[in-house]
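Undergrad: Okay, sequence plus prediction incoming.
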Amino acid sequence: MSTNDYLAVFIGSKTSPRMQAWMALSDAERGPKQQEGIAAWKAWMAKQGQAVIAMGGPLGKTKKIGPGGIADVSNDMSAFMVVRADSHEAAARMFENHPHFTIFPGDSVEVMPVLPIPAG
């Protein structure tokens with residue numbers, strides 16, 4: 001990866017009021033919203049073109065591994081992708097008004113640079 005690569009982590013709390021409202025929708029109500037969100041996500045991807053260098057995907061259940069062993073844990077990370085941009089600010093701006101939180105009940109997208117591994 002280059003120094004212009006940025007990891008985007010999609011955040012969404014399973015207990016947020018927005019998620020609770022989404023889950024309270026009937027299938028008939030949620031279905032059209034899901035289709036709208038999928039169409040908007042595809043349009044967002046098309047607009048980004050080759051800036052998306054690793055599609056990533058949804059994240060499943062989490063296991064935390066440390067000195068004490070392995071444990072099941074919960075966090076708010078729901079998906080990830082890697083994008084390429086001229087700057088951190090430019091990478092962040094790519095996600096303004098993203099369907100993750102404008103249509104779907106996600107909370108935010110966090111964007112951070114992928115740093116080079118230090119030479120040792």
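TA: Yep, that arrived.
Undergrad: residues in contact with residue 64?
TA: Counting by Cβ atoms under 8 Å, 6 or more residues apart in numbering, residue 64 makes contact with 70, 71, 72, 73. Quick note: C-beta positions are derived from backbone N, CA and C, even for glycine.
Undergrad: what's near enough to touch the closest residue to residue 37 other than its chain neighbours?
TA: Nearest residue to residue 37, sequence neighbours excluded (Cβ to Cβ, 6 or more residues apart in numbering): residue 103, at 4.0 Å. Contact analysis of residue 103 by Cβ under 8 Å, 6+ apart lists 33, 36, 37, 40.
Undergrad: could you flag which of those are buried?
TA: 37, 40 (16 or more other Cβ atoms under 10 Å).
Undergrad: I'd like the contacts of residue 103 laid out as TSV, including pLDDT and distance to residue 56.
TA: As requested, these are exported to TSV (pLDDT from 0 to 100; distance: Cβ to Cβ, whole Å):
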residue	pLDDT	distance to residue 56
33	95	23
36	96	22
37	96	17
40	97	18
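Undergrad: Pick the one among the contacts of residue 103 closest to residue 25.
TA: residue 33 (7.2 Å; Cβ to Cβ).
Undergrad: Could you report the separation of the closest one from residue 6?
TA: Noted for residue 33: a distance of 28 Å to residue 6, by Cβ to Cβ, to the nearest Å.
Undergrad: try residue 109
TA: Taken as Cβ to Cβ, the span from residue 109 to residue 6 is 11 Å.
Undergrad: which residues do those two both contact?
TA: With Cβ under 8 Å, 6+ apart as the test, residue 109 and residue 6 reach no residue in common.
Undergrad: So which of the contacts of residue 103 sit within helices?
TA: 33, 36, 37, 40 (DSSP state H).
Undergrad: OK, contacts around the third one?
TA: To tie it back to what came earlier, the one meant is residue 37. 99, 103, 104.
Undergrad: and what of the last one?
TA: The neighbours of residue 40, taking Cβ under 8 Å, 6+ apart as the test, are 99, 102, 103.
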